[in-house]
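Engineer: what's the 3D shape of this:
(one chain, ligands or ions: 3)
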Amino acid sequence: MATTSPTSPTPKKVNRIGLEVLKYKGSKTTLCAGCGHNAVSERIVECFYEMGIQPWSVAKFSGIGCSSKSPAYFLGLSHGFNAVHGRMPAVATGAMLANRHLLGIGVTGDGDTASIGMGQFMHLLRRNVPLIYIIENNGVYGLTKGQFSATADIGSTLKTGAPNDLPPFDCCALALAWGATFVARSFSGDKRQLQAMLKAAIAHNGLSLIDVISPCVTFNDHVGSTKSYSYMKDHEEVLHDLDFVPHFEDISVEIEEGEVRDVEMHDGSHLRIRKLGRDYDPTSKLAALAALEEAESKGEVLTGVLYVNTTKPTFIELLDMSDETLATLSESKTRPPKAVLEQVMEELR
Ligand SMILES: Cc1ncc(C[n+]2csc(CCOP(=O)(O)OP(=O)(O)O)c2C)c(N)n1
Ligand code: SF4
Ligand SMILES: [Mg+2]
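Structural biologist: Ligands and ions are numbered 1, 2, ... in the order given. So this is what the prediction gives:
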């Protein structure tokens with residue numbers, strides 16, 4: 001689709017809802033040049049544009065950290081809430097309940113999620129809140145100058161050479177155990193894989209956890225770090241090749257039998273998972289946990305869509321929420337009438 005105006009003879013490229021990519025951008029980044037988090041923001045801009053999502057129907061959430069500053073750098077026309085450190089899940093849960101028609105996206109860090117915010121993260125997963133939850137995982141607290149986070153690998157070193165003595169949390173394994181219905185790992189340097197995953201997460205009805213290894217060029221990109229660009233280049237093990245066919249595109253492309261697994265998403269989009277060497281069933285939680293365990297024992301960083309469950313009810317469905325947006329329900333519908341309150345008081349007497 002293209003539009004022209006008298007002042008600009010060159011047709012402007014627009015998406016299926018008639019918006020230019022500019023409408024999906026945010027303010028100019030203030031993060032370090034080369035920070036992995038900037039690449040994630042760029043992918044979000046591209047994917048929301050290509051999927052033709054109305055930016056004003058999106059709510060962005062974050063906590064505190066360099067990663068949590070990211071929502072300022074994409075979707076400038078969307079709603080946004082920058083919460084307290086580690087408390088984004090509670091704010092996002094409330095917002096998604098208040099308006100079930102929003103598309104929620106949370107961007108957070110490994111410190112924000114796996115250190116101070118772990119308790120909140122667990123409940124978000126348990127409840128299957130419909131939200132895209134991206135961890136920009138660099139193994140350190142970038143904003144406070146590079147201390148190890150709870151996802152730092154044992155033996156990984158700081159720039160000073162000081163090693164990390166503690167074992168890491170694997171947020172994907174935890175997400176699988178705690179009930180997430182879409183679990184994926186990617187690398188900020190893998191544009192194509194991250195795009196397909198993000199689009200699938202946009203189409204997913206439930207909690208989508210995407211753990212993105214996103215190197216911190218200032219504090220954790222040296223020899224000895226296991227979250228550096230060069231470490232990822234040498235140790236990334238790509239599970240499969242991903243393709244995403246949105247619901248508004250023709251799905252009738254020929255696929256070779258046995259080579260591609262097709263997962264139909266909630267909105268009629270299709271995630272097409274092409275085998276790369278091994279057979280892998282993304283609908284099996286046990287297979288996902290086993291694959292993570294195996295990769296860890298070999299010192300590999302496994303990337304791909306590890307698990308998808310399109311049948312588990314979301315938090316909104318579990319609570320049997322009204323179809324109408326809570327935020328705009330009239331007072332008469334949200335407040336019990338006086339007679340009901342009097343009856344309750346009577347029962348408590
Ligand atoms: C309650 C509270 N405790 C501690 C801090 C200090 N603090 C700010 S950001 C941060 C960690 C950020 O790390 P991460 O979430 O991994 O984000 P990154 O900067 O690495 O992207 C810490 C400990 C804070 N702001 N608030
Ligand atoms: S300090 Fe690290 S995490 Fe923060 S913006 Fe710079 S490179 Fe990114
Ligand atoms: Mg971090």
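Engineer: tally of neighbours for the closest residue to His85 other than its chain neighbours?
Structural biologist: Residue nearest to His85 in three dimensions, not counting chain neighbours: Ile64, with 3.9 Å by CB to CB, 6 or more residues apart in numbering. C-beta coordinates here come from the backbone N, C-alpha and C atoms, glycine included. Residues near Ile64, counting by other CB atoms under 10 Å, number 23.
Engineer: before we move on, what about Glu294?
Structural biologist: Counted with other CB under 10 Å, residues neighbouring Glu294 total 12.
Engineer: before we move on, back to that, hang on, the residue nearest to His85 packs against Tyr141?
Structural biologist: No - between Ile64 and Tyr141 no contact is recorded; they are 9.8 Å apart, counting by CB atoms under 8 Å.
Engineer: Assign whichever residue of the stretch 151-300 of the chain sits closest to ligand 3 to helix, strand or coil.
Structural biologist: In the stretch 151-300 of the chain, the residue found nearest to ligand 3 is Cys216; the distance is 6.6 Å by CB to the ion. Under the three-state scheme (DSSP: H, G, I helix; E, B strand; the rest coil), Cys216 adopts coil.
Engineer: From ligand 1, how far out is it?
Structural biologist: Applying CB to the nearest ligand atom, to the nearest Å, the value for Cys216 to ligand 1 is 6 Å.
Engineer: list the contacts for the closest residue to that residue other than its chain neighbours?
Structural biologist: Nearest non-adjacent residue to Cys216, counting by CB to CB, 6+ apart: Asn138, 3.9 Å away. Asn138 is in contact with 36, 67, 109-110, 149, 213-216, 219-220, 227, counting by CB atoms under 8 Å, 6 or more residues apart in numbering.
Engineer: Residues of the protein that sit close to ligand 3?
Structural biologist: By the rule CB under 5 Å from the ion, the part of the chain lying against ligand 3 is 109-111, 138.
Engineer: need the helices for the chain, in chain order.
Structural biologist: Assigned by DSSP state H, the chain shows helices spanning 36-50, 66-69, 88-98, 110-114, 118-127, 171-178, 191-203, 229-235, 285-297, 315-318, 331-334, 338-348.
Engineer: From the contact counts, what lies against the third one?
Structural biologist: Which is helix 88-98. In terms of contacts (3 or more CB pairs under 8 Å, 6 or more residues apart in numbering; DSSP states H and E), helix 88-98 is packed against strand 58-62, strand 79-82, strand 103-109, helix 118-127, helix 315-318.
Engineer: angle of it against helix 118-127?
Structural biologist: 40 degrees (axes from the mean of the first three to the mean of the last three CA atoms, to 10 degrees).
Engineer: Let me know the average pLDDT across helix 88-98.
Structural biologist: Throughout helix 88-98, pLDDT has a mean value of 97.
Engineer: mind checking how far it is from the chain centre?
Structural biologist: Relative to the centre of its chain, helix 88-98 is centred 15 Å away, using CA atoms, centre = their mean, to the nearest Å.
Engineer: Just the buried positions in that helix, please.
Structural biologist: 88-93, 95-97 (16 or more other CB atoms under 10 Å).
Engineer: which among these gets closest to ligand 3?
Structural biologist: Met88 (14.0 Å).
Engineer: any idea how far that closest one is from ligand 1?
Structural biologist: 10 Å.
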